[in-house]
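Chemist: fold the following.
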Amino acid sequence: MKRIAILLCFVILITCFSGCGQNSTALSPENPVILTMWHVYGSQTKSPLNDVINEFNRTVGKEKGITINVESVTSSSAIDKALSASANGEPGANTMPDLFSAYPRVVELIGKERLLSWNDYFSEKELLLFQKDFLSEGYFGEELLMLPVAKSAETFYLNKTLFDRFSTATGVSVESLNTFDRVFDVAQKYYDWSNGQHFMQINDYYNYAYVGMKAYNSELIRNGRLRLDDDAFKMIWFPLAKTAIHGGICLEDGYAAARWKTIEIIANTGSTADVLYQPDEVIYSDNTTEAIEAIALPYPTFTHDTAGVIYRGGGLFAVNNSDERKNQAAYIFAKWLTEKEHNLDFVTNAGYLPVTTEAFDALFKDINTIEKESYRSVYQAVDTMLENYSFYALPLYDGASNIQHDFEKNVKAVLSSAHNQYVKRVAAGEDPTEVLNELVEASLAELKALSTE
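Modeler: Here you go, the predicted model:
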């Protein structure tokens with residue numbers, strides 16, 4: 001009898017401890033959790049993700065005692081710097097957030113040991129719902145550290161209102177913008193027709209070069225190094241350099257959408273998500289404004305029989321917290337955000353692509369459900385590319401972020417210098433064709449030199 005009483009007390013004691021443990025980690029309005037977040041989707045005043053997060057906080061979050069507190073909406077490079085500062089304990093650095101959006105490169109900056117493995121929380125069945133290619137980018141070994149929540153591709157944006165006037169005067173048509181050779185030819189004609197106005201901006205020269213090399217059955221990167229001596233690079237560099245040095249391409253830093261507003265350019269290559277920032281009117285030097293029609297076209301091809309485009313976009317990371325309630329809350333939010341209804345609501349208001357097969361199929365089954373015409377144009381362009389293009393993810397390798405950054409900087413510096421020389425020398429009476437050819441050759445040599453420093 002005494003042994004039974006002792007055993008009963010032991011069982012009661014174990015049950016008590018077990019119950020206390022469960023209560024301490026249980027999510028509820030009485031035991032709430034706040035998750036801080038940094039992300040890149042929009043701005044503080046115009047963020048489709050913030051709108052969806054507010055819905056989560058009002059519904060499931062309220063029910064389970066979870067609040068997502070967005071502390072910062074900024075650029076991916078700014079998030080990289082802030083996370084690195086936090087991880088290294090730099091003076092004045094902000095505390096690392098519980099959730100953040102970033103590219104895979106961030107793992108190298110802060111260390112994988114700090115990050116939550118999503119596959120410890122998502123079941124295999126849940127992970128099978130995602131687009132396979134999108135999900136695979138987030139694995140580091142066996143650990144899924146980056147969860148896809150939105151992806152983007154690249155398109156060619158055009159201010160059709162102003163282009164139509166150029167078209168009427170010159171006979172150039174929108175159909176002329178399907179290959180880079182034709183785009184560059186149009187850009188030079190526009191520069192001459194407009195008395196020195198740039199036609200376009202290329203938002204990512206690294207992406208241009210990566211896809212271009214693929215088109216000629218080569219690779220931009222091998223063993224973590226740029227292959228600028230490759231014949232294929234010369235084939236994609238010369239038409240680009242010729243156009244930029246002539247003046248058809250804007251080589252300044254900054255976003256293309258801002259230059260649309262003041263008509264510094266009327267076209268650009270860029271992410272599908274750029275549609276969020278595209279203006280619906282322009283302003284002239286006399287302060288008058290004009291409404292415009294903006295359209296998106298498929299990313300120009302390099303040859304007639306090859307078509308490729310980068311798909312990109314970071315993903316959602318979570319800090320592996322000692323408070324298991326926060327880890328559970330991160331999973332609940334991430335699962336909710338990637339469910340069909342919520343994911344479509346978010347991505348279609350930001351120009352992104354959904355990340356699950358069900359949502360992806362639903363979107364492209366009927367693009368006409370997209371109400372805003374400019375956004376519908378983006379998804380029509382993507383739909384065309386889904387049928388005919390190869391989609392590439394940028395490679396991950398040691399130092400990839402620095403190499404990409406330096407390549408962008410060097411391309412702009414080399415071509416800007418060459419353009420300024422071209423203008424001065426032609427104005428001084430030199431033959432334009434001879435000067436242009438000389439500077440195109442010299443620009444490649446200079447770029448190679450800078451890339452080996």
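Chemist: dihedrals phi and psi, residue 395?
Modeler: Main-chain torsions, residue 395, degrees, to the nearest 10: phi -70, psi 150.
Chemist: whoops, residue 151 was the one
Modeler: Per-residue torsions, residue 151: phi -130, psi 160 (degrees, to the nearest 10).
Chemist: pLDDT score for it?
Modeler: Confidence at residue 151, expressed as pLDDT, is 95.
Chemist: OK, contacts around it?
Modeler: Contacts here follow CB atoms under 8 Å, 6 or more residues apart in numbering; on that basis residue 151 touches 131, 134, 311, 312, 313, 352, 353, 355. C-beta: built from backbone N, CA, C; applies to glycine.
Chemist: contacts only, for the fifth one.
Modeler: This means residue 313. So residue 313 contacts 148, 150, 151, 152, 271, 273, 352, 353 (CB under 8 Å, 6+ apart).
Chemist: what's the separation between the closest residue to it other than its chain neighbours and residue 342?
Modeler: Residue nearest to residue 313 in three dimensions, not counting chain neighbours: residue 151, with 4.2 Å by CB to CB, 6 or more residues apart in numbering. When CB to CB, to the nearest Å is applied, the distance between residue 151 and residue 342 equals 16 Å.
Chemist: where does the prediction get shaky in this structure?
Modeler: The model of the chain has pLDDT under 70 over residues 1-25, 44-45.
Chemist: determine which residue lies closest to the centroid of it.
Modeler: Central residue of the chain (CA atoms, centre = their mean): residue 313, 4.1 Å from the mean position.
Chemist: most neighbours among the contacts of residue 313, which one?
Modeler: The most neighbours of any of the contacts of residue 313, using other CB atoms under 10 Å, belong to residue 150, which has 27 neighbours.
Chemist: quick check: the gap between that one and residue 243.
Modeler: Look at residue 150 and residue 243: by CB to CB, they are 32 Å apart.
Chemist: likewise residue 398?
Modeler: Between residue 398 and residue 243 the distance is 33 Å, computed by CB to CB.
Chemist: and those two? Which one has more around it.
Modeler: Here residue 398 and residue 243 are set side by side on neighbour count (other CB under 10 Å), and the busier one is residue 243, at 25 against 9.
Chemist: and the helix or strand hosting residue 309, how far out from the chain middle?
Modeler: Element membership for residue 309, per DSSP states H and E: strand 308-312. Here the centre of strand 308-312 is set off from its chain's centre by 10 Å, with CA atoms, centre = their mean, to the nearest Å.
Chemist: which helices and strands sit right next to it?
Modeler: strand 152-159, helix 205-215, strand 390-392 (3 or more CB pairs under 8 Å, 6 or more residues apart in numbering; DSSP states H and E).
Chemist: and the next helix or strand past it?
Modeler: Downstream of strand 308-312, the first helix or strand assigned by DSSP H and E is strand 315-318.
Chemist: separation between the spatially closest residue to residue 32 that is not a sequence neighbour and residue 93?
Modeler: Distances taken as CB to CB, 6+ apart place residue 65 nearest to residue 32, at 3.9 Å, with adjacent residues excluded. Taking CB to CB as the measure, residue 65 and residue 93 are separated by 29 Å.
Chemist: which residues touch residue 107?
Modeler: Under the criterion of CB under 8 Å, 6+ apart, the contact partners of residue 107 comprise 115, 140, 145, 146.
Chemist: my guess is the last one meets residue 315, correct?
Modeler: In other words, residue 146. Yes - with contact defined as CB atoms under 8 Å, residue 146 and residue 315 form a contacting pair (3.7 Å).
Chemist: how near is residue 412 to residue 437?
Modeler: Between residue 412 and residue 437 the distance is 21 Å, computed by CB to CB.
Chemist: comparing the two, which residue is more hemmed in?
Modeler: Neighbour count, other CB under 10 Å: between residue 412 and residue 437, residue 412 has more, with 18 against 14.
Chemist: so which helix or strand takes in the more buried one?
Modeler: Using DSSP H and E, residue 412 falls in helix 400-427.
Chemist: now that helix: how far from the chain's centre is it?
Modeler: Distance of helix 400-427 from the chain centroid (CA atoms, centre = their mean) equals 23 Å.
Chemist: which other helices and strands contact the helix or strand following that helix?
Modeler: Later in the chain than helix 400-427, the nearest helix or strand by DSSP H and E is helix 432-451. Contact analysis of helix 432-451 by 3+ CB pairs under 8 Å, 6+ apart lists helix 231-246, helix 400-427 as its packing neighbours.
Chemist: list the buried residues for the longest one?
Modeler: When neighbours are counted by 16 or more other CB atoms under 10 Å, the buried residues of helix 400-427 are found to be 400-401, 403-404, 406-408, 410-412, 414-415, 417-419, 421-422, 425-426.
Chemist: what is the orientation angle of it with helix 432-451?
Modeler: Calculated by axes from the mean of the first three to the mean of the last three CA atoms, to 10 degrees, helix 400-427 forms an angle of 150 degrees with helix 432-451.
Chemist: does anything pack onto helix 400-427? Which helices or strands?
Modeler: Counting contacts by 3+ CB pairs under 8 Å, 6+ apart, helix 400-427 is packed against helix 205-215, helix 231-246, helix 432-451.
Chemist: just the angle between the longest one and helix 231-246, please?
Modeler: Calculated by the same axes, to 10 degrees, helix 432-451 forms an angle of 120 degrees with helix 231-246.
Chemist: SS state for the closest residue in space to residue 98 that isn't next to it in sequence?
Modeler: Here the nearest residue to residue 98 in space, its sequence neighbours aside, is residue 35; by CB to CB, 6+ apart that works out to 4.2 Å. When states are read from DSSP: H, G, I helix; E, B strand; the rest coil, the local structure at residue 35 comes out as strand.
Chemist: is it true that residue 35 touches residue 330?
Modeler: Yes - checked against CB under 8 Å, the pair residue 35 and residue 330 is within contact range at 6.2 Å.
Chemist: higher neighbour count, these two?
Modeler: Each of residue 35 and residue 330 has its neighbours counted (other CB under 10 Å); residue 330 has more, 27 against 23.
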